[in-house]
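Asker: requesting a structural model of the entry that follows:
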Amino acid sequence: MYLNSILKSTSHNYKMMLSALLVALFCLLQTISIGQNLVPNPSFENANCPTSYTGWPAQVAQYFNNWYSANCASADPMTTCSNHANTSIPNVLFGNTYANTGNNYIGFGFYGGWYEYFGAHLTQPLTAGTTYNVSFYVRCAQTVGKSTDQLGIYFSSTQDSCAGGFGGPVFNYTPQVVSTAGTFLNDTSQWVQISGSFVAAGGEEYLVFGCFEDWTSSHITTHNSSGSTRCYYYVDDISVTQANTGPVPNQPLAITGDTIVCEGDTLTYTVPNDTAASSYTWTLPTGWAGSSDSNSIEIIAGTTSGTISVTANDSNGSSIAQTLQVVVNTIPATPVFTTSNTAHCWNDTIQIAVQNDTNASLYNWTIPSGWTGSSDSSSVKIILSSASDTIAVSTQNQCGISDTSSLFITVDTIPLSPLVITGDTLTCEGNSLTYSVVNDTTATQYIWNSPNGWSGSSNNNSIQLIAGVSGSINVVAQNHCGSSGASTLVVSVDTIPGVPSSISGDTLICNGDSVVYTIPSNTNASQFNWSIPSGWNGTSDSSSIELTAGTNSDSLTVTAENHCGISNAASLYIMVNTIPQAQFISGNGTVCFGDEDIYIINPENGVNYSWFYPSSWNGTATDSTLHVIFSDQSGKIQLVGQNMCGISDTSALDVEVTTIDTSIMLNTTILSVNEQNSAIYSWIDCSTGQLISEEKQADFEPETTGSYAAIISLNGCTDTTRCVSVEVKTSGIIELSETEWTIYPNPANRKVTIYSPSSKDETFVITLYDVTGKVLIQEQFNTQTAHHVDVEQLPNGVYFLHLKGTTIQAQQKIIVTH
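Answerer: The predicted structure is shown next:
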């Protein structure tokens with residue numbers, strides 16, 4: 001309406017002018033439409049920068065305005081203001097990368113059955129039959145191992161939905177613009193521009209960015225076998241513009257100007273002027289100040305590194321942008337030494353270094369006076385020709401000089417020779433001794449050497465040793481720089497005297513004797529220690545001693561002594577004799593005639609004893625015993641002892657000998673012995689040896705014929721008379737000649753035969769006695785055969801043969817003669 005009013009109220013000329021103006025305005029609007037980027041927020045600078053980041057990965061739509069996830073698999077928003085380690089530029093997921101322009105970009109990946117797509121709603125739908133230019137920048141992440149040659153953009157009239165769930169497989173779309181097949185996008189060092197054009201079908205108002213090739217496709221390959229087995233790319237500066245009706249200016253040539261700058265620097269950047277360009281558009285990193293529409297711009301550098309870009313413009317649009325990466329440098333950090341302070345030696349050549357700082361262009365070393373060395377790099381070689389001191393270094397670049405860092409270097413020297421060794425110079429073998437020198441703080445250890453046979457070790461300024469033979473002790477001080485000269489101490493070593501040689505002197509003496517004992521002299525001994533038996537008298541510390549013997553026999557000992565100790569003892573056993581003591585004679589004082597007895601004493605050593613007794617006795621004597629067979633004479637046993645010291649008093653024992661009268665007489669049939677005072681009498685049957693009970697008198701009349709004897713006891717002595725035969729006439733015993741039995745021959749010299757003419761079934765006992773009644777032969781026989789009695793071994797004489805059976809008891813005198 002406003003334009004129509006103007007047309008109605010103006011003249012024809014003005015109408016013509018207005019028509020021309022409208023035509024020009026239409027052309028201008030058409031030019032603007034042709035050069036306009038239809039992608040909203042194309043370099044992702046319109047962003048919501050989070051103050052806290054509570055989750056990752058996050059949907060692109062959460063932070064980058066006008067963008068969304070096309071399949072609910074989240075592409076990653078990379079920003080300079082993120083506080084998350086994987087999305088904070090430049091240290092981002094799988095790499096270290098600044099934006100191509102501005103401060104932000106998108107990262108996305110795909111592998112196996114997982115593909116990430118992101119999209120945007122164009123600012124206006126595409127017109128059918130119209131050609132559109134498409135451009136974007138990509139960069140391969142540094143730590144992945146896979147890459148593709150097929151990254152592209154698919155345009156559609158409908159928006160993809162992620163209602164089916166989070167993430168998904170590859171989109172089976174055919175992108176209208178895609179990177180060149182066979183050229184794999186594996187450049188990790190710089191941004192790569194992908195561009196192309198297509199003719200719109202009409203109505204397309206959504207774009208989807210990603211890879212539309214299956215994971216097993218040949219369009220995906222491995223470029224880094226040690227990297228992660230996935231593809232991951234950074235994307236920036238997406239552009240969709242309507243193709244020009246005429247050519248736009250060429251891309252400006254390289255931007256000239258500093259690429260490494262300092263904060264606050266005033267800088268000038270230029271490109272060669274293109275006469276076809278009507279103006280230039282400069283884009284600066286965040287925080288930089290400056291503007292220009294010409295081919296040159298003056299800028300004040302901010303704090304952030306980034307990209308300077310410039311396009312050449314005319315009525316047909318803008319050229320492809322020329323870019324220049326710029327890094328904002330700072331004053332270098334304070335250097336950090338990589339060399340520690342270890343001890344060195346005078347005149348050592350050492351290398352000292354600090355961490356290399358890529359931000360530094362020069363290193364300023366301050367070397368102590370007297371040291372030799374120089375350098376402008378991160379290390380310096382130095383000759384240490386003076387004492388310990390401090391070395392300092394600072395770094396610098398075009399932005400300034402860092403703070404100074406310093407390091408103290410310890411320079412040691414070889415220790416001085418130790419001062420005098422302190423310790424005993426005269427000692428004894430086996431002594432434990434301590435030797436020392438004054439400690440030198442520059443020494444780290446001491447090396448000690450001792451004479452042969454000594455033992456002990458130490459690596460400090462004091463040593464404990466066990467002495468051996470005489471010799472020299474020496475010690476040197478040592479550290480890592482070397483060893484000092486030696487300090488020496490001469491030591492003399494004595495030994496304990498040897499055991500004295502054998503003691504000379506009498507070994508058998510008498511109580512009270514004065515005797516001298518000696519040993520050979522020993523020059524290694526300062527004195528001799530004598531030990532004498534208890535009760536003796538005498539003293540000496542020399543090699544001889546005079547003693548008065550006591551009563552005890554014992555050992556005389558002597559040791560040799562000096563300052564090292566006392567030897568083992570030599571000894572001599574000395575026997576001391578005294579005049580023998582009278583001995584007690586042990587034995588019976590009352591004995592019997594004919595007895596054998598032994599008398600004993602407890603003899604003293606070294607004493608000879610003499611025994612005396614009645615001559616009628618039969619005796620055998622030793623020093624300690626007397627064996628005696630007594631006669632009928634009582635008497636006295638006497639004893640004297642004698643040794644080298646004299647004769648003892650006489651010992652005596654009275655012995656009373658009891659003699660029993662054993663004479664026996666036979667009066668008819670009565671046996672009798674002589675009565676003796678206090679005697680006890682018993683009678684025995686000589687043929688059986690049995691006592692006859694109740695017969696206790698000196699007279700005895702047997703009741704039966706036999707041989708009998710008396711047993712007489714007096715004063716503890718017992719004796720038996722001879723056996724006497726007594727014949728008692730009784731009605732039961734008859735003469736054999738009065739029976740039918742026959743004895744022949746009688747007298748006999750070899751055998752006597754007894755015979756009965758009648759045969760009897762009976763056993764007989766025949767007994768032969770001598771005239772004393774002693775049984776000589778006793779045999780059994782029967783009457784079935786004649787019985788012979790052997791008398792050949794009997795002496796000539798008269799014997800009595802007694803025959804006894806159940807029906808007969810008879811006896812017969814026989815005579816044996818040879």
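Asker: okay, and for this protein, where does confidence drop off?
Answerer: The chain contains residues with pLDDT under 70 at 1-35, 50-59, 162-167, 244-246, 729-733, 759-760, 783-784.
Asker: next up, the contacts around residue 219.
Answerer: The contact partners of residue 219, by CB atoms under 8 Å, 6 or more residues apart in numbering, come to 148, 149, 150, 181, 213. Where you see a C-beta, it was placed from the backbone N, CA and C, and this is true even at glycine.
Asker: that one and residue 418: what is the separation?
Answerer: Residue 219 sits 83 Å away from residue 418, going by CB to CB, to the nearest Å.
Asker: can you flag which of the contacts of residue 219 belong to helices?
Answerer: Among these, no residue falls in helices (DSSP state H).
Asker: among those residues, who's most crowded?
Answerer: Tallying neighbours with other CB atoms under 10 Å puts residue 148 at the head of those, with 22 neighbours.
Asker: does that one touch residue 185 like I think?
Answerer: Yes: look at residue 148 against residue 185 with CB atoms under 8 Å: they come within range, at 6.4 Å.
Asker: picking that back up, so which of the contacts of residue 219 comes closest to residue 433?
Answerer: Nearest to residue 433, judged by CB to CB, of the contacts of residue 219 is residue 148 at 87.2 Å.
Asker: for that closest one, what are its contacts?
Answerer: 184, 185, 211, 213, 219, 220, 221, 231.
Asker: tell me the bridge partners for it.
Answerer: Beta-bridge pairing for residue 148 (DSSP bridges): residue 220.
Asker: quick one: it from residue 180, how far?
Answerer: As for residue 148, its distance to residue 180 is 12 Å (criterion: CB to CB).
Asker: with only the CA atoms kept, save stretch 530-539 in CSV.
Answerer: Taking Å, rounded to 0.1, in the frame of the first residue of the first chain, the C-alpha atoms of stretch 530-539 are listed here in CSV:
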residue,chain,number,x,y,z
TRP,A,530,101.5,-72.3,93.2
SER,A,531,98.6,-74.1,94.8
ILE,A,532,99.6,-76.5,97.6
PRO,A,533,97.7,-79.3,99.3
SER,A,534,95.6,-78.5,102.3
GLY,A,535,97.5,-78.6,105.5
TRP,A,536,100.9,-77.9,103.8
ASN,A,537,103.0,-74.8,104.4
GLY,A,538,105.0,-72.8,101.9
THR,A,539,104.7,-69.9,99.4
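Asker: how many neighbours does the nearest residue to residue 524 once chain neighbours are set aside have?
Answerer: Once flanking residues are discounted, residue 524 sits nearest to residue 497: 4.7 Å by CB to CB, 6 or more residues apart in numbering. By other CB under 10 Å, 22 other residues sit near residue 497.
Asker: of all the contacts of residue 219, which comes closest to residue 521?
Answerer: Minimum distance to residue 521 across the contacts of residue 219 is 114.2 Å, recorded for residue 148 (CB to CB).
Asker: distance of the closest one relative to residue 184?
Answerer: Using CB to CB, residue 148 is found at 7 Å from residue 184.
Asker: touching both of these two, which residues are there?
Answerer: Counting by CB under 8 Å, 6+ apart, the residues touching both residue 148 and residue 184 are residue 221.
Asker: residues contacting residue 498?
Answerer: Shown in contact with residue 498 (CB under 8 Å, 6+ apart): 522, 524, 560, 567.
Asker: ugh, wrong one, residue 431
Answerer: 424, 466, 467, 564.
Asker: which of the helices or strands spans residue 135?
Answerer: Residue 135 belongs to strand 131-140 when assigned by DSSP states H and E.
Asker: remind me what the longest strand along the chain packs against, helices and strands.
Answerer: Longest strand of the chain, by residue count under DSSP state E: strand 231-242. Applying 3 or more CB pairs under 8 Å, 6 or more residues apart in numbering; DSSP states H and E, we find strand 231-242 packed against helix 12-35, strand 105-111, strand 131-140, strand 146-148, strand 151-156, strand 206-211.
Asker: tell me which helix or strand comes right after it.
Answerer: Next helix or strand after strand 231-242 toward the C-terminus (DSSP H and E): strand 260-262.
Asker: can you give me the buried ones in the helix or strand just after that following strand?
Answerer: Reading on from strand 260-262 to the C-terminus, the next helix or strand found by DSSP H and E is strand 266-270. Judged by neighbour count (16 or more other CB atoms under 10 Å), strand 266-270 contains these buried residues: 267, 269, 270.
Asker: equivalent analysis for stretch 507-522, please.
Answerer: Buried positions in stretch 507-522, judged by neighbour count with 16+ other CB under 10 Å: 509, 510, 511, 515, 517, 518, 519, 522.
Asker: one step back: want to try CSV for the contacts of residue 498, with distance to residue 90 and secondary structure as columns?
Answerer: Below are those laid out as CSV (distance: CB to CB, whole Å; DSSP: H, G, I helix; E, B strand; the rest coil):
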residue, distance to residue 90, secondary structure
522, 98, coil
524, 93, coil
560, 96, strand
567, 93, coil
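Asker: just the buried residues of these.
Answerer: Going by neighbour count (16+ other CB under 10 Å), those have 522, 560, 567 buried.
Asker: how about TSV for the buried residues of stretch 507-522, with distance to residue 262 and secondary structure added?
Answerer: Below are those laid out as TSV (distance: CB to CB, whole Å; three-state DSSP):
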residue	distance to residue 262	secondary structure
509	121	strand
510	126	strand
511	124	coil
515	118	strand
517	112	strand
518	111	strand
519	106	coil
522	99	coil
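Asker: can you put those residues in JSON lines and add distance to residue 646?
Answerer: Below are the buried residues of stretch 507-522 laid out as JSON lines (distance: CB to CB, whole Å):
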{"residue": "509", "distance to residue 646": "14"}
{"residue": "510", "distance to residue 646": "9"}
{"residue": "511", "distance to residue 646": "11"}
{"residue": "515", "distance to residue 646": "18"}
{"residue": "517", "distance to residue 646": "24"}
{"residue": "518", "distance to residue 646": "29"}
{"residue": "519", "distance to residue 646": "32"}
{"residue": "522", "distance to residue 646": "40"}
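Asker: ramachandran angles for residue 751?
Answerer: Main-chain dihedrals, residue 751, degrees, to the nearest 10: phi -130, psi 150.
Asker: for the strand holding residue 135, output the C-alpha coordinates as PDB.
Answerer: Extracted C-alpha coordinates of strand 131-140, given in PDB (Å, rounded to 0.1, in the frame of the first residue of the first chain):
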ATOM      1  CA  THR A 131      20.600 -26.500  -7.900                       C
ATOM      2  CA  TYR A 132      22.000 -26.200  -4.300                       C
ATOM      3  CA  ASN A 133      25.600 -26.200  -3.200                       C
ATOM      4  CA  VAL A 134      26.500 -28.200  -0.100                       C
ATOM      5  CA  SER A 135      29.700 -27.900   2.000                       C
ATOM      6  CA  PHE A 136      30.900 -29.200   5.300                       C
ATOM      7  CA  TYR A 137      34.200 -29.800   7.200                       C
ATOM      8  CA  VAL A 138      35.200 -33.100   8.800                       C
ATOM      9  CA  ARG A 139      38.300 -34.300  10.800                       C
ATOM     10  CA  CYS A 140      39.000 -37.900  11.700                       C
END
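Asker: right, I'll leave it there.
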